[in-house]
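Q: After the sequence you'll find the predicted model.
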Amino acid sequence: MDPKPDHGEESYKGSGRLAGKAALITGGDSGIGRAVALAFAREGADVLISYLDEHEDAKEAASWVEKAGKRVVLVPGDVFSEEHCKELVARTVKEFGKIDILVNNAASRRLTNRSRRSARRSGITRSAPTSTPTSIWRRPRLDRCSRAAASSPLRP
């Protein structure tokens with residue numbers, strides 16, 4: 001990407017405000033999600049990063065969390081699937097012993113007619129429900145990962 005996005009790698013220092021916390025971040029491999037993962041790690045949280053299929057981006061995001069001295073777990077998959085969301089919550093609890101923070105950041109763009117044609121040519125056929133509150137992202141009342149977290153024990 002040009003210019004290269006600033007995810008806070010060089011600018012954000014952190015001060016331990018999330019020490020001992022465990023966070024699940026959907027869409028944590030790039031963009032705002034990566035910045036959140038890095039910030040949370042620098043504030044002291046262990047992080048599980050959920051992402052669709054951008055493995056190299058996810059590995060790069062994980063390396064920044066590790067450089068901050070925190071544990072990181074990468075889990076690819078589609079948050080469109082409620083079963084996958086339940087697995088994400090369970091995996092976070094299994095890895096970190098709890099889940100304190102859920103960041104629903106995974107999103108997909110709402111398509112215009114022109115972008116729909118382009119998306120069909122690219123193989124994009126659906127969009128995932130998220131809670132990202134902007135005009136270009138879908139926002140249902142309660143997304144799948146929130147329901148999974150709400151219906152699951154957050155500690156073993």
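A: Nice, I can see it.
Q: Report the separation between the residue nearest to the spatial centre of the chain and R91.
A: To find the centre residue of the chain, average its C-alpha atoms and take the closest one (Cα atoms, centre = their mean): that gives T26, at 2.1 Å. Spatial separation of T26 from R91 under the definition Cβ to Cβ, to the nearest Å is 12 Å. Quick note: C-beta positions are derived from backbone N, CA and C, even for glycine.
Q: repeat for I49
A: Relative to R91, I49 is positioned 11 Å away (Cβ to Cβ).
Q: anything in contact with each of those two?
A: Jointly contacting I49 and R91 under the rule Cβ atoms under 8 Å, 6 or more residues apart in numbering are 73, 75.
Q: if you count what's nearby, which of these two comes out ahead?
A: Neighbours per residue (other Cβ atoms under 10 Å) separate I49 from R91, with I49 holding more: 28 against 17.
Q: my read: the more buried one touches E60, true?
A: No. No contact is recorded between I49 and E60 when judged using Cβ atoms under 8 Å, the distance being 10.7 Å.
Q: if I look at these two, which residues touch both of them?
A: Taking Cβ under 8 Å, 6+ apart as the contact criterion, the common neighbours of I49 and E60 are D29.
Q: Quick check: H84 is in a strand.
A: No. Secondary structure assignment (DSSP: H, G, I helix; E, B strand; the rest coil) places H84 in helix, not in a strand.
Q: How much space separates the closest residue to it other than its chain neighbours from E43?
A: Beyond its immediate neighbours in the sequence, the residue positioned closest to H84 (Cβ to Cβ, 6 or more residues apart in numbering) is G77, lying 4.4 Å away. As for G77, its distance to E43 is 26 Å (criterion: Cβ to Cβ).
Q: before we move on, the earlier item: for the residue nearest to the centre of the chain, what are its contacts?
A: Under the criterion of Cβ under 8 Å, 6+ apart, the neighbours of T26 are 33, 50-51, 79, 88, 103-106, 130, 145.
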